[in-house]
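S.K.: Generate coordinates for the sequence data below:
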Amino acid sequence: MNDATKVTAGKPKVGGAVFKATLGTTLPTTATESLAAEFEDLGYISDAGVTNSNSPSNTAIKAWGGDTVLDVQTEKPDTWKFVMIETSREAVLKMVYGDGNVSGDLASGIAIEANSDELQAQSLVIDMVLRGGGAKRVVLPNCKITAIADITYSDSAAVGYDVTLSCYPDDNGNTHYEYIIGEADPSL
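M.R.: This next block holds a predicted model:
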């Protein structure tokens, strides 16, 4: 039987929804456990939310005469997109430009060096609140930014870093994990 209570939106967890940490940081394995202290909050994400593309690509094998007789999976990229709009947050700047290319703090001044240094892989956690108080957590154990859209500075829109992250298999061959629980801790 259909159940409308199982239909939900993915709202950000109050107090932070997207967090980053260096590879090797202890990753959560449930929807509600506390994150390791090394995780840094990336602040507000634009109202477009977070988008996951996880669709396989296939090559059709055809028989003589044109019938498709087999589809061979050639790849299955796992990418995530979102726009970070707290563009003065140190964790955001380090994610976009690289840890070694951002120095200082807001109080004394931040200096950014834009160069062709390759961005480092990292771990991400995305926390959401579901209908009825449930929680969903997505863990990207090994990912890195592989695209940054144009950065627009105008007086009619917030500056944002529109990023695409590509996920890579961890030691178990998985590119991301999802953890869901019905009624979570009310403090979420």
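S.K.: Not counting sequence-adjacent ones, nearest residue to the most centrally placed residue in the chain?
M.R.: Nearest residue to the geometric centre of the chain (Cα atoms, centre = their mean): Trp80, 5.1 Å. Nearest residue to Trp80, sequence neighbours excluded (Cβ to Cβ, 6 or more residues apart in numbering): Leu165, at 4.8 Å. To be clear about C-beta, it is placed using only N, CA and C from the backbone, and glycine gets the same treatment.
S.K.: List the buried residues in the helix or strand containing that neighbour.
M.R.: For Leu165, the host element (DSSP states H and E) is strand 161-167. Neighbour-count burial for strand 161-167, with 16 or more other Cβ atoms under 10 Å as criterion, is recorded at 161-163, 165-167.
S.K.: What is that strand packed up against?
M.R.: Packing partners of strand 161-167 (3 or more Cβ pairs under 8 Å, 6 or more residues apart in numbering; DSSP states H and E): strand 79-84, helix 90-97, strand 135-148.
S.K.: what's the distance between the residue nearest to Trp80 and Ile148?
M.R.: According to Cβ to Cβ, to the nearest Å, Leu165 stands 10 Å off from Ile148.
S.K.: and if you look at Ser88?
M.R.: Taken as Cβ to Cβ, the span from Ser88 to Ile148 is 17 Å.
S.K.: for Tyr97, same thing?
M.R.: 10 Å.
S.K.: Also Ser108?
M.R.: Taking Cβ to Cβ, one finds Ser108 at 26 Å from Ile148.
S.K.: can you check Met128 too?
M.R.: Separation of Met128 from Ile148 (Cβ to Cβ) stands at 24 Å.
S.K.: cool, Val7 as well?
M.R.: Val7 is 34 Å from Ile148, by Cβ to Cβ.
S.K.: any chance you could map the strands in the protein?
M.R.: Using DSSP state E, the strands assigned to the chain run over residues 11-12, 18-22, 40-41, 51-53, 57-62, 68-75, 79-84, 102-105, 109-112, 122-129, 135-148, 161-167, 177-181.
S.K.: Tell me which residues of the second one come out buried.
M.R.: Within strand 18-22, the residues that qualify as buried are 18-21, counting by 16+ other Cβ under 10 Å.
S.K.: which residues are contacting that strand?
M.R.: Identification of contacts with strand 18-22 by Cβ atoms under 8 Å, 6 or more residues apart in numbering yields 12, 35-36, 38-42, 45, 50, 82, 84, 91, 95, 120, 122-127.
S.K.: and that strand, which strands flank it?
M.R.: strand 40-41 (antiparallel), strand 122-129 (antiparallel) (DSSP bridges).
S.K.: quick one: low-confidence parts of the protein?
M.R.: 74-75, 184-188 (pLDDT under 70).
S.K.: circling back: any chance of a markdown table for the buried residues of strand 18-22, columns distance to Gly66?
M.R.: What follows is those, written out as a markdown table (distance: Cβ to Cβ, whole Å):
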| residue | distance to Gly66 |
| --- | --- |
| Val18 | 47 |
| Phe19 | 51 |
| Lys20 | 49 |
| Ala21 | 51 |
